[in-house]
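> Provided below are the primary sequence and the corresponding predicted coordinates.
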Amino acid sequence: MKPYLKCVLEHGRECPNYSKSSYYQVYEEQFEIFSRTCDKGDDLRKSLLNNAKCLNEHKHHTEKKCGELLVFQEKKMTKEDCAEQKRRFECTFEDIGKHCGKAASEFMREITAPVTKFLNKNCDNLQTVNIDMLRSMSLGLY
């Protein structure tokens, strides 16, 4: 995933309008997060290693209860779809906290922050966002 994000960022820097977009900002922030999880001295990597087992063990339960994150049925996203995604993220954070503890929930909030910030920023003034772009915003660590 990291090489893909790097490629998107390098391409985006050459396109001034794209590099200012909300999508580009998400990719930039995700690249930073993935980079930190690869850095052996980074606290985010330590948090990943400390919480991975429990997150993996409870992923199916959490998805069953809250719904999968960033899974869309349609090609365009409505305000209702956006609100549903926000609800799923909050439910996921709560369920992880319940089963894996506060540290795991905080870790999950941190690694998904680029996407949740995007949703919070864009849901209210949504103009049928292209779903393919959101689908590409991987949550590869979860």
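Arrived safely, thanks for sending.
> the strands in the chain, which residues?
For the chain, the strands defined by DSSP state E cover 76-77, 129-130.
> Pick out the shakiest of those strands, pLDDT-wise.
Note on the strands of the chain: strand 129-130 shows the lowest mean pLDDT, a mean of 52.
> Quick one: mean pLDDT over the biggest helix by length in the chain.
The residue-count maximum for a helix in the chain (DSSP state H) belongs to helix 43-66. For helix 43-66, mean pLDDT is 96.
> For that helix, list every residue counted as buried.
Within helix 43-66, the residues that count as buried by 16 or more other CB atoms under 10 Å are 44, 47, 48, 51, 55, 58, 62, 63, 66. Using the backbone N, CA and C atoms, a C-beta is placed for each residue, glycine as well.
> what about the nearest residue to residue 68 once chain neighbours are set aside, neighbour count?
Among residues not flanking residue 68 along the chain, residue 88 sits closest, at 7.5 Å (CB to CB, 6 or more residues apart in numbering). Counted with other CB atoms under 10 Å, the neighbours of residue 88 add up to 20.
> shift numbering so it begins at 17
New numbering, starting at 17: the last item is residue 104.
> ok now do residue 104, which residues does it touch?
82, 83, 84, 85 (CB atoms under 8 Å, 6 or more residues apart in numbering).
> What's the separation between the first one and residue 45?
This means residue 82. Separation of residue 82 from residue 45 (CB to CB, to the nearest Å): 23 Å.
> quick revisit: specify which member of the buried residues of helix 59-82 is nearest to residue 138.
Nearest to residue 138, judged by CB to CB, of the buried residues of helix 59-82 is residue 82 at 20.9 Å.
> what pLDDT does residue 88 get?
64.
> Correction: the previous question concerned residue 124.
96.
> hang on, isn't it packed against residue 110?
No - Residue 124 lies out of contact with residue 110 (CB atoms under 8 Å); the separation is 10.3 Å.
> what about those two, which has more around it?
Ranked by neighbour count (other CB under 10 Å), residue 124 and residue 110 place residue 124 first, with 25 against 14.
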